[in-house]
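Prediction below, plus the sequence it came from.
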Amino acid sequence: MFEEQIKTGFVTIIGRPNAGKSTLLNNILQQKIAIMSDKPQTTRNIINGVYTDNDSQIVFIDTPGIHKPKHRLGDYMMKLASSAIQESEIVYLIINASEKFGPGDQHLINIVKELKVPTFLLINKIDLISPEQLIQIIEFYKDLYDFVEIVPISALKSINVDNLLNTTKKYLQPSFKMYPDDVITDSPEYFVISEFIREKVLQLTEQEIPHSIAVVIDRIEKQPGKKKNIIATIVVERKSQKGMIIGKQGKMIKEIGSRARKDIEILLGEKVFLELWVKVIDNWRSKPNQIRDLGYRDDIFD
């Protein structure tokens, strides 16, 4: 028997830092794969989330927040976002309804104008504004660009997300499934685990630390009858940051590990033992070789 064709396609989610891209992706999938924090530039890499229902399979691509790069890692993030847009059938441009329009928003408008990919405007966090304010935002953006759809949502509170998915399907073509029904991401297990650890550092630390860390999974192993053992290294740029990550009497790194382990166990569906180490690599964000070594894509620097 031949497999029945369904609506399929790729949708890239773009927006300014902290607009709610990862929150939306996790809401659509009903499972956490993208990390979240209140700090900008949380997402550094492309994360593919696979949504499958009875009549569709949509691959959602969560991109780094669009911003002005300040180092080689920032350049890398912006090139990733641009390449993802060009490979998609649809772009979701997500904005934060509670923030005023600024230069970053205009930059995003310029990007979608140049690439000419069918674009939805998603007005996120509508639970934080009045209906009158929403109408004003819609009218304002209508004058800036001819969006194929304008969809008000609250990714956090699941407002209008089902309608967004149904509307998206209208713009996709029939084809065959790209992934089995039980796949929710094509990102490797070690990558998602490293992101969960990095999220906890973002949530628990302040000052310059959040943007100067990377997480490397050194080993994942399991012996019969024992918990899965995960060993990971948190990379920082300065010795003083190492001390902050470890904390007094190891308190901070223990808390990071405890919180990350809970998310990892939900993801894997089993108990794990998580062992964390901290390593200093001087100014790694400005060194392409170090960026590659820490797991970011080679071809972006070609």
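Received, thanks. Numbering: from 1, shown residues only.

so how far is I47 from V192?
8 Å (Cβ to Cβ, to the nearest Å). The way it works is simple: take the backbone N, C-alpha and C, and place the C-beta from them, glycine included.

swap that for F120, sorry
19 Å.

Looking at those two, which one has more neighbours?
I47 (24 against 20; other Cβ atoms under 10 Å).

Give me the mean pLDDT for the one helix or strand L108 maps to.
Assigned by DSSP states H and E, L108 falls within helix 103-115. For helix 103-115, mean pLDDT is 86.

what's it packed up against?
Counting by 3 or more Cβ pairs under 8 Å, 6 or more residues apart in numbering; DSSP states H and E, the packing neighbours recorded for helix 103-115 are strand 6-15, helix 72-86, strand 90-96.

got the angle for it vs strand 90-96?
170 degrees (axes from the mean of the first three to the mean of the last three Cα atoms, to 10 degrees).

still on that earlier bit, common neighbours of V192 and I47, please.
Residues touching both V192 and I47 (Cβ atoms under 8 Å, 6 or more residues apart in numbering): I33, T185.

So which residues of the stretch 101-250 of the chain form strands?
In the stretch 101-250 of the chain, the strands defined using DSSP state E, counting those that start in this stretch lie at 119-124, 149-152, 173-175, 214-221, 228-236.

And the ones you listed: which comes nearest D105?
The closest of those to D105 is strand 119-124. By Cβ to Cβ, the value is 10.7 Å.

show me where pLDDT drops low in the stretch 1-150 of the chain?
1-3, 34-46, 64-86 (pLDDT under 70).

that older thread, right, so the strands of the stretch 101-250 of the chain: which one is the most enclosed?
A comparison of these by mean neighbour count, using mean count of other Cβ atoms under 10 Å, puts strand 119-124 on top with a mean of 24.

now the angle from it to strand 6-15?
Using the same axes, to 10 degrees: strand 119-124 against strand 6-15 is 60 degrees.

Quick check: which helices or strands does strand 119-124 pack against?
Strand 119-124 sits against strand 90-96, helix 131-142, strand 149-152, helix 161-169, with contacts defined as 3+ Cβ pairs under 8 Å, 6+ apart.

List the neighbouring strands of the third one plus their orientation.
Meaning strand 149-152. Sheet pairing of strand 149-152 (DSSP bridges) gives strand 119-124 (parallel).

residues in contact with the strand it pairs with?
Identification of contacts with strand 119-124 by Cβ under 8 Å, 6+ apart yields 19-20, 24, 90-97, 112, 134, 137-138, 141, 145, 147-155, 164, 167-168.

what about N26, distance to Q106?
28 Å.

Could you check which of these two is surrounded by more residues?
Neighbours per residue (other Cβ under 10 Å) separate N26 from Q106, with N26 holding more: 19 against 11.

State the helix or strand in which that one lies.
N26 belongs to helix 21-29 when assigned by DSSP H and E.

quick one: contacts of the helix or strand following that helix?
Per DSSP H and E, the first helix or strand lying C-terminal to helix 21-29 is strand 47-52. Contact with strand 47-52 is made by 22, 25-26, 28-29, 33-34, 57-62, 165, 177-179, 181, 183-187, 195, as judged by Cβ under 8 Å, 6+ apart.

how about a cut-off of 6 Å?
Here strand 47-52 makes contact (Cβ atoms under 6 Å, 6 or more residues apart in numbering) with 25, 28-29, 33-34, 58-62, 179, 181, 183-187.
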